[in-house]
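> 3D model of this:
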Amino acid sequence: MADAEPRKITLPDVDGQRFTMLDDGPERLAALLSLIAGAKTSVKLCFYIFVEDRASVKVRDALAAAAGRGIDVVLLIDGFGGEASDAFLAPIVEAGGCFHRYERKRSRRYLLRNHQKMAIADRERVLIGGFNIHDEYFAPDGQGWRDIGVSIEGAAAARLADHFDSLYEWATSPKSKMRDLRRLLIRQSEQDGAVRWLLGGPTRELSPWAKAINTDLENAARLDMLAAYFAPYRNLLRRICDVAKRGQVRIATTARSDNNVTVAAARNRYQYLLPDARIFEYRTAKLHTKLYIIDDITYIGSANFDVRSIYLNIEVMLRIRDAAFASAMRRFIDAELDLCKEITAESYYAKRTLWRRIRGRLSYFLMSVLDYNVSRRLNFSFKD
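Next up is the predicted model:
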């Protein structure tokens, strides 16, 4: 199948916010560098993965240049995914910027991951999505991860900047407690409005973003999603099945990944969805998009549709309630599905050998049972 040209989707304004779709890799990198170069007062970046490659050098140098001209530059990366060394990132600090690696190697927080991806300039402009700072997220279509970014201009940027500041303060404080993080995630998640920031993390019950999407699915008639990692727990899977029985469900996952366990775990879930839901697999690239549309509500951000992103990882999702916006995003999904192979009930069960069944069950167990329970015990078992 030939690679498709980037789809240019125009997104409508919602609640005073201006949105721009960034569905092409080089376009995302250019937008990120432009955001940094155009900053007048501040630049705040938070990414799960930040490595040492050509794209990362460009981002690092842009941040250092911004700090050198007096811009308030702050970079927060995760201890798991942020492989770039302190020496590699030193030019940012030497130019006057701030850098912190969220890492708790000697405590029970070792398995807690800051999975958020965001770039904020001047409290006025934001870039969010599933992409990280790595060449593969900025490569042309078909040559790296298939992902999207969204640029937002408006008051929502200032609200996300407040969250970043609170999170950075918590991450850098030697006295930070898990209960403080839970309170932060709940406090910074927005309860009302057509454009709402919803956060995920190790809350004792469902996180704000997971609670919201559960509620939105309860009486939904239509669900469309591009889900890089798809391994929902039983109750959430049941809600999706209910939507499929009373309406329409289209789910695209990936047939290619850097971790084949995630592919096998997703395929284990198909048996509960077919034939009521339509299932697709993206085959021209490694799908990394996190885009979920429920009736007239769109979710975009960092969270996968698996147990870790729903319960454990620190995540940021934007919930947009607008029919025109959802319609535009569905047109994007329509084009993406043209690059997928549909998995029918007949084709699925024809290939479902004993070995595939065992591998699927084991993969789902590793992703959604073992990893979840080990991490949850470490994060919640003791008072902090």
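> Can you give me the pLDDT of the closest residue to residue 304 other than its chain neighbours?
Closest residue to residue 304 apart from its sequence neighbours, by CB to CB, 6 or more residues apart in numbering: residue 229 at 4.0 Å. Every residue, glycine included, has its C-beta placed from N, CA and C. pLDDT, residue 229: 91.
> now swap in the one 4 residues further on and tell me
The per-residue pLDDT reported for residue 233 equals 86.
> isn't residue 33 right next to residue 56, touching?
No: checked against CB atoms under 8 Å, the pair residue 33 and residue 56 is beyond contact range at 11.8 Å.
> more neighbours, those two?
Neighbours were counted for residue 33 and for residue 56 using other CB atoms under 10 Å; residue 56 has more, 22 against 17.
> Wait, that one touches residue 83, no?
No: look at residue 56 against residue 83 with CB under 8 Å: they stay out of range, at 9.5 Å.
> quick one: common contacting residues for those two?
Common contact partners of residue 56 and residue 83 (CB atoms under 8 Å, 6 or more residues apart in numbering): residue 50.
> Now do the same contact list for residue 262.
228-229, 231, 254, 306, 363, 367.
> Under a three-state scheme, what state does it occupy?
Assigned by DSSP: H, G, I helix; E, B strand; the rest coil, the conformation of residue 262 is helix.
> again with residue 318
Here residue 318 is strand, with the state taken from three-state DSSP.
> Count the residues that sit near residue 93.
Residue 93: 15 neighbours (other CB under 10 Å).
> Tell me the one among the contacts of residue 262 nearest to residue 190.
Each of these was scored against residue 190 by CB to CB, and residue 306 proved nearest at 23.8 Å.
> Tell me where the model's unsure across the stretch 101-250 of the chain.
Within the stretch 101-250 of the chain, the segments meeting pLDDT under 70 span 104-111.
> quick one, helices of it?
Secondary structure of the stretch 101-250 of the chain, counting by DSSP state H, counting those that start in this stretch: helices at 155-172, 178-188, 208-217, 234-246.
> Just send those back as JSON lines, with distance to residue 146 too.
Listed next are the helices of the stretch 101-250 of the chain as JSON lines, based on distance: least, CB to CB, whole Å:
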{"stretch": "helix 155-172", "distance to residue 146": "25"}
{"stretch": "helix 178-188", "distance to residue 146": "29"}
{"stretch": "helix 208-217", "distance to residue 146": "22"}
{"stretch": "helix 234-246", "distance to residue 146": "22"}
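> right, so those helices: which one is the most enclosed?
Ranked by average neighbour count under the criterion mean count of other CB atoms under 10 Å, the helices of the stretch 101-250 of the chain are headed by helix 208-217 at a mean of 20.
> Can you dump the C-alpha atoms of that one in CSV for me?
Extracted in CSV, the C-alpha atoms of helix 208-217 (Å, rounded to 0.1, in the frame of the first residue of the first chain):
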residue,chain,number,x,y,z
PRO,A,208,-10.2,12.7,36.3
TRP,A,209,-9.6,11.9,32.6
ALA,A,210,-10.6,8.2,33.0
LYS,A,211,-13.7,9.1,34.9
ALA,A,212,-14.7,11.6,32.2
ILE,A,213,-14.3,9.2,29.3
ASN,A,214,-16.2,6.5,31.3
THR,A,215,-19.1,8.9,31.8
ASP,A,216,-19.1,10.0,28.2
LEU,A,217,-19.3,6.4,27.0
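> which other residues reach that helix?
Identification of contacts with helix 208-217 by CB under 8 Å, 6+ apart yields 185-186, 189, 196, 198-200, 205-206, 223, 235-236, 239-240, 242-243, 292, 294-295, 297, 299, 301, 303, 310-311, 315, 317, 319.
> let's go with 6 Å and repeat that
With contact meaning CB atoms under 6 Å, 6 or more residues apart in numbering, helix 208-217 is reached by 189, 198-200, 239, 294, 297, 310, 317.
> Return the closest of the residues you listed with respect to residue 141.
Nearest to residue 141 among the contacts of helix 208-217, with distances taken as CB to CB, is residue 317, at 24.5 Å.
> Show the pLDDT at residue 374.
So residue 374 comes in at 43 (pLDDT).
> What of residue 330?
Looking at residue 330, the pLDDT reads 98.
> how close does it sit to residue 226?
11 Å (CB to CB, to the nearest Å).
> One more: residue 321?
In terms of CB to CB, residue 321 sits 19 Å off from residue 226.
> show me where the stretch 51-200 of the chain has strands.
When secondary structure is read from DSSP state E, counting those that start in this stretch, the stretch 51-200 of the chain shows strands at 72-78, 98-102, 118-121, 125-129, 145-146, 149-153, 195-200.
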